[in-house]
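Q: Show me how the following folds:
(chains A and B)
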Amino acid sequence: KNEVEQSPQNLTAQEGEFITINCSYSVGISALHWLQQHPGGGIVSLFMLSSGKKKHGRLIATINIQEKHSSLHITASHPRDSAVYICAARRGTSGSRLTFGEGTQLTVNP
Amino acid sequence: GAGVSQTPSNKVTEKGKYVELRCDPISGHTALYWYRQSLGQGPEFLIYFQGTGAADDSGLPNDRFFAVRPEGSVSTLKIQRTERGDSAVYLCASSLAGNGGGEQFFGPGTRLTVL
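A: Now for the predicted structure:
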């Protein structure tokens, strides 16, 4: 069992739909990251959170420390949101190695 | 300002050869990370530098892999006697925080293909 698991692996949506991607982790963490990876490999950090909820534009990330679960939501999805979304857990307060989930391939159709 | 840069963007080599991959972190970032991403998978940790020293190299798969950061800025990942299984995208990231925490900024990666 991977330490960080995401679901679903693949997600296809129509433009405008509300999207949720889930991340569960089995280890103690100090923070959880959500990353976006476009074709060609470039990774962009979307959120880093250790509790509660963060919002940036149409993106919302939540985390429940007790349940070891985080979600990434996209409101009013758009074809340009199509990418791989990866959650990554940061363990401990020093060293900060990230343990990554396998990613969720999101395709938003017009 | 400039982000994290990596060179080369693509590297094709033959089995058994030696390769060096370079990472230029964001200026002033003391923490630097190397990750490896195989096709269809999430990245996996290789090594983490805090300044010039490797604070955690537990992700290096074997002794063919080595990385240096002699002046606490640019880092080079070195792979000896490359094998086909080494083919992957090698990602570098840097972070400002002194204890290695904080947001990590990723480079575009180097795609290594071992024939």
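Q: List, one by one, the residues from chain A near chain B.
A: A:4, A:30-31, A:33, A:35, A:40-45, A:48, A:86, A:88, A:90, A:93-103 (CB under 8 Å from any CB of the partner chain). Placement of C-beta: from N, CA and C, glycine included.
Q: Strands - which of those residues land there?
A: Judged by DSSP state E, those include A:4, A:31, A:33, A:35, A:43-45, A:48, A:86, A:88, A:90, A:98-100 as members of strands.
Q: Residues in a beta bridge with the nearest residue to A:I29 once chain neighbours are set aside, which ones?
A: Excluding its sequence neighbours, the residue lying closest to A:I29 (CB to CB, 6 or more residues apart in numbering or on different chains) is A:A89, at 4.5 Å. As for beta bridges, A:A89 partners with A:L32, A:T99 under DSSP bridges.
Q: if I read this right, A:A89 contacts A:L98, doesn't it?
A: Yes - assessed by CB atoms under 8 Å, A:A89 is found in contact with A:L98 at 6.8 Å.
Q: which residues touch the residue nearest to A:I29?
A: Each residue near A:A89 by CB atoms under 8 Å, 6 or more residues apart in numbering or on different chains is listed here: A:E3, A:V4, A:Y25, A:V27, A:I29, A:A31, A:L32, A:H33, A:L98, A:T99.
Q: what's the spacing between it and A:L106?
A: Using CB to CB, to the nearest Å, we find A:A89 at a distance of 20 Å from A:L106.
Q: How about B:G53?
A: Separation of B:G53 from A:L106 (CB to CB): 39 Å.
Q: And these two? Which one has more around it.
A: Legend: neighbour count by other CB atoms under 10 Å in any protein chain shown for B:G53 and A:L106, higher for A:L106 (21 against 10).
Q: Disregarding residues adjacent in the polypeptide, which is nearest to that one?
A: Ranked by CB to CB, 6+ apart and with sequence neighbours excluded, the top spatial neighbour of A:L106 is A:L11, at 5.0 Å.
Q: Now do the contacts for the one you found.
A: Each residue near A:L11 by CB under 8 Å, 6+ apart is listed here: A:I19, A:I21, A:T104, A:Q105, A:L106, A:T107.
Q: helices or strands next to the lowest-mean-pLDDT helix or strand in chain A in the packing?
A: Least confident helix or strand, chain A: strand A:98-100 with a mean of 89, by mean pLDDT, DSSP states H and E. Packing partners of strand A:98-100 (3 or more CB pairs under 8 Å, 6 or more residues apart in numbering or on different chains; DSSP states H and E): strand A:83-90, strand B:31-37, strand B:44-50.
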